[in-house]
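>>> kindly generate the corresponding structure for this input.
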Amino acid sequence: MLACAGYLLTMLADSIISHVYSKDVVSQVNGDDVELQGGVLQGKRSHGNISHSHFQMHNGTDGASAKPTLSTAGSLGDSILLIFALCFHSVFEGIAIGVAETEADAWRALWTITLHKIFAAIAMDRPFVSCVAYAFAFAISSPIGVAIGIIIDAATQGAVADWIFAISMGLACGVFIYVSIKHLSTKGYFPQKPVLVDTPFYKFWPYRWGDLGGRIEALSQAMFRSLIFLSLLLLTAGHSCPAGDAEGPAPGLNSKSLVSVKIGCLVLIFVGTFIGGLSPYFLNWNEGFLVLGTQFASGVFLGTALMHFLIEANDTFVCLGKKEYPLASMLACAGYLLTMLADSIISHVYSKYVGSQDNGDDVELQGVVLQGKRSHSSISQSHFQIHNGTDNAPGKSVLSAASSLGDSLMLVFALCFHSVFEGIAIGVEKTNSDAWKALWTISLHKIFAAIALGIAVLRMIPDRPFVSCVAYAFPFAISSPIGVAIGIIIDATARDSVADWISGISMGVACGVFIYVSIKHLSTKGYFPQKPVSVDTPFYKFLAVSLGIGVISVLMIRDA
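As a prediction, this is how the structure comes out:
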């Protein structure tokens with residue numbers, strides 16, 4: 001829960017800076033925003049090659065007209081607010097060093113944080129005086145956090161010190177997750193000139209370096225993986241084996257009632273997703289509802305990953321005697337990387353057919369549908385997102401661009417990859433209540449994604465709308481039930497410790513998949529309406545994500 005709180009605090013800081021700068025920098029038509037990326041202004045490649053990184057501007061106009069954002073604050077109060085938002089997460093990163101319990105933990109946290117800070121400082125592209133001023137504020141923030149952590153350690157004893165340490169680590173975990181995925185991985189560093197390594201595959205495997213710009217980006221990606229691992233490592237703590245709880249042993253994995261519940265989940269998730277995919281053919285959905293609903297689903301996904309799946313996997317491995325190594329965290333990282341690989345595959349396939357790759361353009365799997373990011377035209381065929389330096393011609397169907405059956409099959413596989421793992425998470429649950437909880441969590445995301453899919457298909461293929469909706473909705477709807485069936489089969493054929501191992505591994509991998517989908521797909525990209533809507537702002541999105549996490553927190557209190 002504290003990790004989720006740290007995530008929300010950092011998201012709030014980003015929302016504040018977006019709100020302050022939106023008054024001076026760019027028009028908010030289409031819900032454009034400026035997000036804190038760590039230290040500098042980064043013009044996302046739309047038409048101009050603005051690369052004053054570390055703030056990133058999602059801008060519907062030509063980037064050439066953008067100004068360095070830090071110079072636009074209209075008052076001292078705004079400037080102070082901006083500096084606070086800029087250095088907020090850096091203080092928590094420093095606290096993670098200050099409250100470390102061993103020398104090894106302190107050194108490990110130091111090199112992880114320093115790597116991020118150095119590359120963020122290098123990315124600052126400003127005149128000397130301004131550079132000194134901003135670099136000093138950014139550089140001093142983490143040492144302040146270290147000092148706070150040292151004071152906390154020196155001033156507290158016994159249980160109080162343990163509580164403060166646990167709270168600090170939990171909050172730092174959420175901050176690290178937000179920074180690593182939202183800032184370093186999703187936004188990263190945008191070079192002023194095209195570089196060979198600015199592709200999804202090089203980002204997935206960051207040790208093939210080209211020129212200096214490529215090295216900066218590659219190391220940023222390596223740093224992001226380190227942060228993810230450290231974040232999940234900090235979250236996992238020792239848990240007692242749940243077998244002896246007062247509630248009694250959990251029902252057998254092969255019990256008829258549990259299998260019946262899972263089969264019911266299988267049917268419900270298929271029906272709900274399939275109907276959601278067809279609904280845009282019959283209904284006109286409110287786009288503001290879809291914008292906030294997608295963000296709410298993001299909060300539910302993140303809360304489920306950190307407060308249920310990761311803890312469940314860790315408990316299982318503790319019961320199996322694996323207490324020394326954070327196996328659950330490592331598997332979560334593996335699930336994250338597997339989903340990232342699926343995105344890289346689909347980006348590679350579509351990059352051969354869609355748009356120019358002159359500026360490292362890529363197509364990223366966002367979950368279900370095609371989404372043309374607002375560049376000049378307001379294409380909003382969501383759920384793939386195209387980062388393209390050229391104008392996106394309306395109505396162009398990327399799914400129809402694949403020239404072979406093999407490419408089409410690969411695309412369908414990448415599209416439904418994480419949905420299968422989500423289904424497995426239901427299939428290996430150990431209790432009826434856990435199965436129902438996983439069902440509604442996954443269904444919430446699937447239904448919103450299916451609605452977006454149907455909307456996109458109607459825009460892309462208007463000639464045969466109903467047949468097209470059915471053709472695209474069916475494989476997406478069936479993917480999670482296939483995962484549920486796989487999980488049920490695993491439980492039915494495995495015995496004793498083997499079943500526990502499979503359950504723990506599945507939960508750990510599913511945790512990583514959920515984190516990736518929650519932040520990279522639902523929160524960062526979300527749903528882009530065709531027309532401007534009043535709720536398409538950072539603050540409304542923050543509230544929706546907070547509500548989703550809050551719902552999961554309340555449910556976990558009931559199960560505690």
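>>> so what are the domain limits for the chain?
2-235, 249-557 (automatic domain parsing).
>>> could you tell me the least trusted of those?
Set side by side, these give their lowest mean pLDDT on domain 2-235, at a mean of 60.
>>> can you pull out the helices in the stretch 301-450 of the chain?
Listed in chain order, the helices found in the stretch 301-450 of the chain under DSSP state H, counting those that start in this stretch are 310-319, 327-351, 405-427, 432-460.
>>> of all those, which one comes closest to Val261?
Val261 lies closest, by C-beta to C-beta, to one member of the helices of the stretch 301-450 of the chain: helix 432-460, at 4.8 Å. The C-beta positions use only the backbone N, C-alpha and C, and glycine is treated the same way.
>>> output the contacting helices and strands for the closest one.
helix 256-282, helix 287-304, strand 370-372, helix 405-427, helix 465-493, helix 538-559 (3 or more C-beta pairs under 8 Å, 6 or more residues apart in numbering; DSSP states H and E).
>>> name the residues of the second one that are buried.
It refers to helix 287-304. Using 16 or more other C-beta atoms under 10 Å as the test for burial, helix 287-304 gives 287-288, 290-304.
>>> in CSV: the helices of the stretch 301-450 of the chain, plus mean neighbour count and distance to Met507.
What follows is these, written out as CSV (neighbours: other C-beta atoms under 10 Å; distance: least, C-beta to C-beta, whole Å):
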stretch, mean neighbour count, distance to Met507
helix 310-319, 23, 4
helix 327-351, 22, 8
helix 405-427, 21, 7
helix 432-460, 24, 10
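>>> out of those helices, nearest to Lys541?
Per C-beta to C-beta, nearest to Lys541 of the helices of the stretch 301-450 of the chain: helix 432-460, 13.8 Å.
>>> the closest one to helix 465-493, inter-axis angle?
160 degrees (axes from the mean of the first three to the mean of the last three C-alpha atoms, to 10 degrees).
>>> quick revisit: distance to Cys173 for the helices and strands packed on helix 432-460 - can I get that in JSON lines?
Below are the helices and strands packed on helix 432-460 laid out as JSON lines (distance: least, C-beta to C-beta, whole Å):
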{"stretch": "helix 256-282", "distance to Cys173": "30"}
{"stretch": "helix 287-304", "distance to Cys173": "12"}
{"stretch": "strand 370-372", "distance to Cys173": "30"}
{"stretch": "helix 405-427", "distance to Cys173": "21"}
{"stretch": "helix 465-493", "distance to Cys173": "27"}
{"stretch": "helix 538-559", "distance to Cys173": "14"}
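>>> what's next to stretch 538-545, contact-wise?
8, 11-12, 14-15, 18-19, 33, 35, 291-293, 295-296, 298-299, 302, 523, 526 (C-beta atoms under 8 Å, 6 or more residues apart in numbering).
>>> buried ones in that stretch?
Pro538, Tyr540, Lys541, Phe542, Leu543, Ala544, Val545.
>>> same deal with stretch 548-560?
So for stretch 548-560, counting by 16+ other C-beta under 10 Å, buried means Gly548, Ile549, Gly550, Val551, Ile552, Leu555, Met556.
>>> for the third one, which non-adjacent residue is spatially closest?
Excluding the flanking residues, the one nearest Gly550 by C-beta to C-beta, 6 or more residues apart in numbering is Gly299, at 7.6 Å.
>>> likewise for the fifth one?
Using C-beta to C-beta, 6+ apart and skipping residues adjacent in sequence, the residue nearest Ile552 is Gly303, 3.1 Å away.
>>> distance of the one you found relative to Tyr336?
Distance, Gly303 to Tyr336, using C-beta to C-beta, to the nearest Å: 17 Å.
>>> just Glu429 next, same as before
Counting by C-beta to C-beta, the gap from Glu429 to Tyr336 is 21 Å.
>>> thought Ala297 was touching Ser443?
No: applying C-beta atoms under 8 Å, one finds Ala297 not in contact with Ser443, separated by 9.7 Å.
>>> Ser298 is in contact with Gly548, correct?
Yes: if you go by C-beta under 8 Å, Gly548 and Ser298 touch, sitting 6.4 Å apart.
>>> could you look up the SS state of Ser534?
Applying DSSP: H, G, I helix; E, B strand; the rest coil to Ser534 yields a three-state assignment of coil.
>>> for it, phi and psi?
Main-chain dihedrals, Ser534, degrees, to the nearest 10: phi -70, psi -30.
>>> what sits against it?
Ser534 neighbours (C-beta under 8 Å, 6+ apart): Gly288.
>>> out of the helices and strands packed on helix 432-460, which comes closest to Ile451?
helix 256-282 (4.9 Å).
>>> the closest one - contacts with which helices or strands?
Partner elements for helix 256-282 (3+ C-beta pairs under 8 Å, 6+ apart): helix 405-427, helix 432-460, helix 465-493.
>>> now do the second one against helix 256-282, angle only.
So that's helix 432-460. 20 degrees.
>>> and the angle from helix 432-460 to helix 538-559?
160 degrees.
>>> tell me which two in the buried residues of stretch 548-560 are the farthest apart.
Gly548 and Met556 (13.1 Å).
>>> joint contacts of the two?
Gly303.
>>> on that earlier part again, out of the helices and strands packed on helix 432-460, which is closest to Thr112?
Per C-beta to C-beta, nearest to Thr112 of the helices and strands packed on helix 432-460: helix 287-304, 21.3 Å.
>>> CA atoms only for that closest one - export them in CSV, please.
Provided in CSV are the C-alpha atoms of helix 287-304 (Å, rounded to 0.1, in the frame of the first residue of the first chain):
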residue,chain,number,x,y,z
GLU,A,287,-15.4,9.6,-24.2
GLY,A,288,-14.8,11.4,-20.9
PHE,A,289,-16.0,8.2,-19.2
LEU,A,290,-13.5,6.1,-21.2
VAL,A,291,-10.7,8.5,-20.4
LEU,A,292,-11.2,8.3,-16.6
GLY,A,293,-12.3,4.6,-16.7
THR,A,294,-9.0,3.7,-18.3
GLN,A,295,-7.1,5.6,-15.6
PHE,A,296,-9.2,3.9,-12.9
ALA,A,297,-8.4,0.5,-14.3
SER,A,298,-4.7,1.5,-14.2
GLY,A,299,-5.0,2.1,-10.4
VAL,A,300,-6.8,-1.2,-9.9
PHE,A,301,-4.1,-3.0,-11.9
LEU,A,302,-1.2,-1.4,-10.0
GLY,A,303,-2.8,-2.0,-6.6
THR,A,304,-3.5,-5.6,-7.5
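>>> ok, back up a step: rebuild the helices and strands packed on helix 256-282 as CSV, extending it with distance to Ile151.
Formatted as CSV, the helices and strands packed on helix 256-282 follow (distance: least, C-beta to C-beta, whole Å):
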stretch, distance to Ile151
helix 405-427, 42
helix 432-460, 40
helix 465-493, 48
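>>> and those: which comes nearest Val271?
Here helix 465-493 is closest among the helices and strands packed on helix 256-282 (C-beta to C-beta), at 8.1 Å.
>>> returning to that earlier point: wait, what's in contact with the residue nearest to Ile552?
Cys4, Gly548, Ile549, Val551, Ile552, Ser553, Met556.
>>> do the same with Trp436
Trp436 neighbours (C-beta under 8 Å, 6+ apart): Val261, Cys265.
>>> how far away is it from Ile552?
Taken as C-beta to C-beta, the span from Trp436 to Ile552 is 14 Å.
>>> likewise for Ile451?
22 Å.
>>> and Ile346, by the same measure?
29 Å.
>>> Thr441 too?
8 Å.
>>> what touches both of those two?
Common neighbours of Thr441 and Ile552 (C-beta under 8 Å, 6+ apart) are Val300, Thr304.
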